[in-house]
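# here is my input, please return the structure:
(3 chains)
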Amino acid sequence: MGSDYFDRVYEVVRRIPAGRVSTYGAIAEFLGSVSAARTVGYAMNASHSRPDVPAHRVVNRIGLLTGKHHFGGTHLMEELLRSEGVEVENDQIVGFARHFWDPSDHLPREFQQAEPPAEGRSI
DNA sequence: CTTTTGACTGGTG
DNA sequence: CCACCAGCCAAAA
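I've put the predicted structure just below:
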């Protein structure tokens, strides 16, 4: 199905619960290489046609909303996060460590094998 | 086909 | 604290 890596990124991002956020690096590390963080960001850029991918819950390592410019509106990403209970100030997530969601800490290791989730399974 | 460029990160100087 | 470099993957020129 197209690019495997992007699909894996989307699967992970899709599991980020509302009110939680993750980072490009954490996702890349979960998928095997922390250095591929840029690619995770690039995958987010291509996630426009993936409405089921909450790209606004992915920020950089210090909780900065680096991708906010890609959400059309200047504060759309921030608004989305706030509506989920994530406090944002000066384009940065307040209490970032408190909202941080590490995929390696919640998703099964088999998930890294690029195995898509079972169909008909509610998230 | 080659080169450039990104929503990144960690290390080095 | 700031500047630069390497590593990773994919799309566009």
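# looks like A:Ala55 contacts A:Val13 (just checking).
Yes: A:Ala55 lies in contact with A:Val13 (Cβ atoms under 8 Å); the separation is 6.7 Å. C-beta here means a position set from N, CA and C on the backbone, and glycine is covered the same way.
# strands of chain A, residue ranges please.
A:22-23, A:58-59, A:88-89, A:92-93 (DSSP state E).
# which of those is buried the deepest?
Across the strands of chain A, averaging neighbours per residue (mean count of other Cβ atoms under 10 Å) puts strand A:58-59 on top, at a mean of 26.
# tally of neighbours for the closest residue to DNA strand B within chain A?
Residue of chain A nearest DNA strand B, by Cβ to the nearest atom of the strand: A:Gly67 (1.7 Å). Using other Cβ atoms under 10 Å, A:Gly67 is surrounded by 17 other residues.
# list the contacts for it?
By Cβ atoms under 8 Å, 6 or more residues apart in numbering, A:Gly67 lies in contact with A:41, A:44, A:55-56, A:58-59, A:77.
# now do A:Gln112
A:Gln112 neighbours (Cβ under 8 Å, 6+ apart): A:8, A:30-32.
# chain A against DNA strand B: which residues are in contact?
Residues of chain A lying near DNA strand B by Cβ under 7 Å from any atom of the strand: A:23-25, A:34-35, A:37-42, A:44-45, A:47-48, A:55-56, A:58, A:60-62, A:66-67, A:70-71, A:77.
# so which of those sit within helices?
A:24-25, A:37-42, A:44-45, A:77 (DSSP state H).
# dump those into TSV; add pLDDT, distance to A:Pro108 and neighbour count as well.
TSV is the format used below for these (pLDDT from 0 to 100; distance: Cβ to Cβ, whole Å; neighbours: other Cβ atoms under 10 Å):
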residue	pLDDT	distance to A:Pro108	neighbour count
A:Tyr24	97	21	24
A:Gly25	96	20	17
A:Ala37	96	22	18
A:Arg38	96	26	11
A:Thr39	96	22	18
A:Val40	96	19	27
A:Gly41	96	25	20
A:Tyr42	95	25	15
A:Met44	96	23	22
A:Asn45	94	27	11
A:Met77	95	29	24
